[in-house]
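Participant: quick one: sequence plus predicted model below, questions after.
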There are 4 protein chains.
Amino acid sequence: MAANTFGEIFRLTTFGESHGKGIGGVIDGCPPNLEIDISLIQKELNRRRPGQSHLTSPRNEADEVQLLSGVFEGKSTGAPIAFFVPNTDQRSKDYSHIQHTFRPSHADFTYQKKYGTRDYRGGGRSSARETIARVVGGSIAKIFLKSIGIEVHAFVQQIGEIKLLKPIEEIDFSKVEQSIVRCPDTETTQKMQLLIEEMQQKGDTLGGVISCVVKGVPPGLGAPVFDKFHADLAKAMLSINAVKGFDYGSGFEGVSSPGSMQNDRFVNDGGKIKTLTNHSGGIQGGITNGEIVYFRVAFKPVATLMQTQLTVDDAGNEIEIAGKGRHDVCVLPRAVPIVEAMAALTTIDHYLRQKMYHI
Amino acid sequence: MAANTFGEIFRLTTFGESHGKGIGGVIDGCPPNLEIDISLIQKELNRRRPGQSHLTSPRNEADEVQLLSGVFEGKSTGAPIAFFVPNTDQRSKDYSHIQHTFRPSHADFTYQKKYGTRDYRGGGRSSARETIARVVGGSIAKIFLKSIGIEVHAFVQQIGEIKLLKPIEEIDFSKVEQSIVRCPDTETTQKMQLLIEEMQQKGDTLGGVISCVVKGVPPGLGAPVFDKFHADLAKAMLSINAVKGFDYGSGFEGVSSPGSMQNDRFVNDGGKIKTLTNHSGGIQGGITNGEIVYFRVAFKPVATLMQTQLTVDDAGNEIEIAGKGRHDVCVLPRAVPIVEAMAALTTIDHYLRQKMYHI
Amino acid sequence: MAANTFGEIFRLTTFGESHGKGIGGVIDGCPPNLEIDISLIQKELNRRRPGQSHLTSPRNEADEVQLLSGVFEGKSTGAPIAFFVPNTDQRSKDYSHIQHTFRPSHADFTYQKKYGTRDYRGGGRSSARETIARVVGGSIAKIFLKSIGIEVHAFVQQIGEIKLLKPIEEIDFSKVEQSIVRCPDTETTQKMQLLIEEMQQKGDTLGGVISCVVKGVPPGLGAPVFDKFHADLAKAMLSINAVKGFDYGSGFEGVSSPGSMQNDRFVNDGGKIKTLTNHSGGIQGGITNGEIVYFRVAFKPVATLMQTQLTVDDAGNEIEIAGKGRHDVCVLPRAVPIVEAMAALTTIDHYLRQKMYHI
Amino acid sequence: MAANTFGEIFRLTTFGESHGKGIGGVIDGCPPNLEIDISLIQKELNRRRPGQSHLTSPRNEADEVQLLSGVFEGKSTGAPIAFFVPNTDQRSKDYSHIQHTFRPSHADFTYQKKYGTRDYRGGGRSSARETIARVVGGSIAKIFLKSIGIEVHAFVQQIGEIKLLKPIEEIDFSKVEQSIVRCPDTETTQKMQLLIEEMQQKGDTLGGVISCVVKGVPPGLGAPVFDKFHADLAKAMLSINAVKGFDYGSGFEGVSSPGSMQNDRFVNDGGKIKTLTNHSGGIQGGITNGEIVYFRVAFKPVATLMQTQLTVDDAGNEIEIAGKGRHDVCVLPRAVPIVEAMAALTTIDHYLRQKMYHI
């Protein structure tokens, strides 16, 4: 019943609302003696920060992380690592007009039904600002994973109908950060940028797909039944705001081709057992096999439109809401570090879980 | 670290191997005073049973469930409900030839890496027989859900490249059980059956997609952050053998259309607040909104082929394995009750979790 | 909310009622490749078995354990180990006369209040037969612990007002099994036996104290805040039927003497840091320090008397219940293996938890 | 593996070190719409604050609580309630001399063994300052419990050899706060105060016993097997710094008297079923029966002495440590609100768990 906690051993608990004092979290179970370079955490936060380009929300937040505990003389101690990122651009008044409104495809209505109340300022816990805490937790996970040779990289593969069709093995991940939309291909980036600008004009919004790889994962992570490595990845991804789907390896596309084309043949590659193909996405029977783990995450378009929409208020009266303020047309570029963070959190947790078998 | 347990309040723990004494489970957290009609459990088991048609594995198992505890005078007592389904057709000798073989896209290699050992007889815990315990658990969940007006229905929507394209609202679920492949459309059923028979001839296998709806879910189930209703559904589905993907509502397809076409407008329907469309799949901000919950589950083709395949043994030698025995060409028809079971387990758990808010 | 599960990594879930089909359990998280000698399990069960001497309940049960899963070729596989011990002497009719009775200091009344129902045959889950599953789980834990040099020994230190006053370091544990009451001192054993026989005549019952030591525990097990090693021991012990108290190290007696007499001085014993005294009971700040862990467990007298007692039925009418059948006058001799089992389960769990820190 | 979290539904996670930035926590699972009066929280913190009398540690800390999230317009929202209490009197330099010292009966040695490192400034997580977070969490639990008629009261029953011998039913809890040592008896208070002052002169320290009652608990809370109400209370209490023992009801003393004197006879008290006596301490079979819950908690004397002590450093050299600074001679008066807090946290958790049975 730990609804705000992710993980079994490396456990991230998050707190905070978009229009409260700030967003924070507690990591319980971080291995001791890990060097925590706060600039690496801040770098990841800057990748998800609003206002980083003209394509993103202009909410002006520095999103500076403060460590409150668990780090002593630059290293983790094994104690809980708590952190806090103050909200500095809350502008609560902007939201008073929606106090009684159930915005379409937002969580206003469902919150009211669940809790009998809601923090109507900006979505409360449903705000994407909650993901700040995931990025902080994920960046600490990444520091640990890097120390054991594991890297996590995501990129924008599709926005609206524009897709990058390159196979995953051919992606040059060093190009991701050079792209304003975090798509590692110049031409596709330009098309995506134009599409976003066009939608910005129309007051409409866009969804898309983020692809992610986890490299260097040793074989043996995961579990054969409920806690399959990909089942926990799926939960991690579907827990991100606006995500509607997940698949790994050959995924939804692979269902159409026969087994003879989907099986991954084992070979002996100079003493190391590998697979010739990787339709399995690096996971067989729920357990990693040492190949690259890869998966896709589907994001629906942003629900906040700069258009007039019809809906009802909490008394059931039909009302009209106007598009107001400036919001992200497409969250995918900023969601790349969030996907990476959740993948890192899933991976470190299964890595630590596997340690009990090394007897 | 409860790797063989699903759920927080209604908790199903499963045990048993495909070639051990049997498959069983323990349900901890079933509400007391629930009438447990064992024939309803057996009915669900019969839907996943091998040998139910010429299209499925002929492993001849009655799969009869025995209740070991937790039910007294026909009703649950609040104590753990343990159950056991003996294996009656183990034929362990069939598997001795694969003791040292890493079968392609099976869990042999990853088990060995994880545990340093494996029960090589038929996949151990990775066998689809483990899902017997889920079907038993799910059928008890269904009994409870039915008593509060919630129903779960799944069907085969795609096998190989053959798809049923009907919108979810137009599906007649009463036809599912009349179809040999559990597709509620006569014409598509015929095409699917022909395709399966064709592949049976070739010794090849097929994947596909199962769609599922949960009807009658009250608003308020789920949680806004990690334990979103759809995140737990995703984990539930990806934990089923051979599942490669999950999406809900408009899912992967919806990412291409703009927000103005994806938002679900609220309306006042005679005093009840509803949405005009249901791109959200009945879930907004991770919490159910009272509309129908629906989602899709992608299954890869069966890994066991009736063809010769190249692979390596556990010493790293290249070997050839022959197709042997008779296996399912396509598991989807038998997986329908498994998808329903996991959906029912997810729903009952969130239903019971929500009770703490009714103060 | 896993009310029938003990442990975080080595997790024992128990099921079954005293007058149902039997008692069983599932161990999830047992390390793989552990040799499981079923005769060692049975030996522990025989130590708690009724009818082992004229001082105990004559309920005639063989209490034979069956392993249902998780062991292959004599070794654990990493899969859940399920087991079952059938009830063979149920005699349900004996209990029909108490269907509507709230027996004094039994769980009849509280069950009815909690669940709105109860299995009135012999106490259901509250029966001491539930501890069969703990003894099985604990014996597997003991096998593992023994392989890493950890041993658990308990003995009866007090029955009624008769106490063995020997310091813990002077106890000869090899004498425990030679004593009919499991007290490792001949003279005290005789006094205890006479007292039990005397109470048997009177139809009255006795409580007492069991002491337990865990030897060979490496330093570092436990946690500094909520999951202190002794906090988890306390929960383990208080979860045993009829237990009313727990203390460790100098415990309740130590509260009266000043800090200068309670502190344990560290010394360098040939390169190994040890403490000169062990008032801490082997645990400092919630974490083991390498010294012997020891603690005491208080048991109330058995609630079932062979005397007439006044109480009420479930309609609130005053009624008289007669002493009937033959029951244990004093459960302590049979509770020794139960205390050991719960100590072993606590220790193995913390041992496995500590493995994540060995990086 | 949530080593810094207490509770299943009302979950308190604590963080912070005695000489870091402060102490804080996150409560996940607080029911929504609860009025959170911050002055009630502060009042409880003031009861455990150092420097509240000349008998306590003079560490000068205001211990002011800040709420960071989860409360909106004065009420809980159902979102996590995070809070922080800054450390304002850290004086880290005081501790540099003990960087390499293993203080007797402190956690220095065991921390080093567990984590391979430690925050040597004042004990890190083992400092009693961590209990600030428990008092905050407990005070919010108390607000909820009060709204449903449940009250928690503790008092100092024994310091050193001085005991208050009054039966629990005769205690006037309104007198607790009038006593400088929180003992609700004027004469005993005077004796205890004199004893503390005497030990202060000697540079020695004192332990003792705190008794606690929980009144107004409805029948039905708890569980029959591992999660017995008293087992969770025991874990809660043993998780408090310096606690060495726990018993409830007639406890350790009750083991000497026969069952006929320990059973609690049920009677019909004007339509309500009650027990005539309460040796059971309000709990039967692990489940509350509606009577007053009461228990005792044993505290060892403070380990920090104002005397010279011999010990070793982390290189194994024998060293002498001097008594330095001013510390509590006896923590019991300040521990009263901590015991109450942990009792309140245990009770609210079981109360919320029980809600799932109200169908």
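Facilitator: Now that the structure is in, tell me what you want to look at. Please read all numbers here as calculations on a predicted model, not as lab measurements. Residues are numbered from 1 along each chain as shown, chains lettered A, B, ... in the order given.
Participant: residue numbers of chain A in contact with chain C?
Facilitator: A:1, A:9, A:29, A:31-33, A:78-79, A:224, A:352, A:355-359 (C-beta under 8 Å from any C-beta of the partner chain). Placement of C-beta: from N, CA and C, glycine included.
Participant: so which of the residues you listed is the closest to B:Gly216?
Facilitator: A:Met1 (23.6 Å; C-beta to C-beta).
Participant: in terms of pLDDT, where does the closest one sit?
Facilitator: Per-residue pLDDT puts A:Met1 at 67.
Participant: next: A:Arg59.
Facilitator: pLDDT, A:Arg59: 68.
Participant: quick check: ChimeraX command selecting the buried ones in the residues of chain A next to chain C.
Facilitator: Typed into ChimeraX, the line below selects the buried ones among those, using 16 or more other C-beta atoms under 10 Å in any protein chain shown:
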select /A:1,9,29,31,32,78,79,224,352,355,356,357
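Participant: which ones among the residues of chain A next to chain C also lie next to chain D?
Facilitator: A:1, A:9, A:29, A:32-33, A:78-79.
Participant: my read: A:Lys21 touches A:Val85, true?
Facilitator: No - with contact defined as C-beta atoms under 8 Å, A:Lys21 does not reach A:Val85; the gap is 10.0 Å.
Participant: looking at those two, which one has more neighbours?
Facilitator: The neighbour comparison of A:Lys21 against A:Val85 (other C-beta atoms under 10 Å in any protein chain shown) goes to A:Val85, with 24 against 17.
Participant: contacts only, for the more buried one.
Facilitator: Counting by C-beta atoms under 8 Å, 6 or more residues apart in numbering or on different chains, A:Val85 makes contact with A:16, A:22-24, A:45, A:63-66, A:132-133, A:136.
Participant: from the residues of chain A next to chain C, which is closest to D:Gly124?
Facilitator: Distances from D:Gly124 to these, taken by C-beta to C-beta, are shortest for A:Ala79, at 6.2 Å.
Participant: and the pLDDT at the closest one?
Facilitator: Looking at A:Ala79, its pLDDT stands at 96.
Participant: assess the claim that A:Gly25 and A:Gly137 are in contact.
Facilitator: Yes - A:Gly25 is in contact with A:Gly137 according to C-beta under 8 Å; the separation is 5.8 Å.
Participant: mutual contacts of those two, please.
Facilitator: What both A:Gly25 and A:Gly137 touch, as defined by C-beta under 8 Å, 6+ apart, is the set A:12, A:14.
Participant: the two: which is more packed in?
Facilitator: Per other C-beta under 10 Å, whichever of A:Gly25 and A:Gly137 has more neighbours is A:Gly25, with 32 against 29.
Participant: re the thing from before, can I get the contacts of A:Val85 in TSV including neighbour count?
Facilitator: Output for the contacts of A:Val85, formatted as TSV (neighbours: other C-beta atoms under 10 Å in any protein chain shown):
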residue	neighbour count
A:Gly16	29
A:Gly22	25
A:Ile23	31
A:Gly24	27
A:Leu45	20
A:Asp63	23
A:Glu64	14
A:Val65	22
A:Gln66	13
A:Ile132	30
A:Ala133	28
A:Val136	29
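Participant: so what's the closest residue to chain D within the stretch 101-250 of chain A up against?
Facilitator: Minimum separation of the stretch 101-250 of chain A from chain D (C-beta to the nearest C-beta) falls at A:Tyr115, amounting to 4.0 Å. A:Tyr115 sits next to B:357, D:32-33, D:77-78 when contact means C-beta under 8 Å, 6+ apart.
Participant: up against chain B, what does the stretch 1-150 of chain A have?
Facilitator: So the stretch 1-150 of chain A meets chain B at A:1, A:3-6, A:8-9, A:14, A:102, A:104-107, A:109-111, A:113-116, A:123-126, A:130 (C-beta under 8 Å from any C-beta).
Participant: just those: which are in strands?
Facilitator: If you go by DSSP state E, those have A:5-6, A:14, A:102 in strands.
Participant: mind checking what secondary structure the residue lying closest to A:Val213 once chain neighbours are set aside has?
Facilitator: When the adjacent residues along the chain are set aside, A:Val213 lies closest to A:Tyr294, with 4.5 Å between them (C-beta to C-beta, 6 or more residues apart in numbering or on different chains). Here A:Tyr294 takes the strand state, with states given by DSSP: H, G, I helix; E, B strand; the rest coil.
Participant: what number of residues lie near A:Tyr294?
Facilitator: 22.
Participant: quick one, grab the pLDDT at it.
Facilitator: pLDDT, A:Tyr294: 98.
Participant: hang on, it packs against A:Cys212?
Facilitator: Yes - contact criterion C-beta under 8 Å: A:Tyr294 and A:Cys212 qualify, at 6.7 Å.
Participant: circling back: restrict the ones in strands among the residues of the stretch 1-150 of chain A next to chain B to contacts with chain D.
Facilitator: Restricting these to those near chain D by C-beta under 8 Å from any C-beta leaves A:5, A:14.
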